[in-house]
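Asks: what follows is a predicted structure for the sequence shown.
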Amino acid sequence: MTNETTPPAKPKRPFFLRRGPMENIATALIAVGFLMLFQPFALVLYTYSLVTLLAGTVMFIIVSKFPE
């Protein structure tokens, strides 16, 4: 008879606290801001492009500090 014990399962973090998915969302937000900046069709998209880029960049900086 072996006396093997399995380590306790770590509870999964909620989606918004996981590093991988949130980095992907932040990268997509940066890409959307970039596309908004260089499109020639709607002035309102151009107007909010810098805010979108900055939000994605700040989000990426914060999320990159999360544990793996």
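Replies: Ah, there it is.
Asks: and the next helix or strand past the longest helix belonging to the chain?
Replies: Under DSSP state H, the helix in the chain containing the largest number of residues is helix 19-37. Following helix 19-37 in sequence order, the next helix or strand is helix 43-47 (DSSP states H and E).
Asks: flag every buried residue along that next one.
Replies: Buried residues in helix 43-47, counting neighbours by 16 or more other Cβ atoms under 10 Å, are found at L45. Any C-beta I mention is one placed from the backbone N, CA and C, and that applies to glycine too.
Asks: pLDDT of it, averaged?
Replies: Average pLDDT, helix 43-47: 95.
Asks: what comes into contact with that helix?
Replies: 36-37, 39 (Cβ atoms under 8 Å, 6 or more residues apart in numbering).
Asks: please redo it, this time with the cut-off set to 6 Å
Replies: For helix 43-47, the external contacting residues (Cβ atoms under 6 Å, 6 or more residues apart in numbering) are 36, 39.
Asks: show me where pLDDT drops low in the chain?
Replies: 1-3 (pLDDT under 70).
Asks: off-centre distance for the longest helix of the chain?
Replies: Offset of helix 19-37 from its chain centre (Cα atoms, centre = their mean, to the nearest Å): 7 Å.
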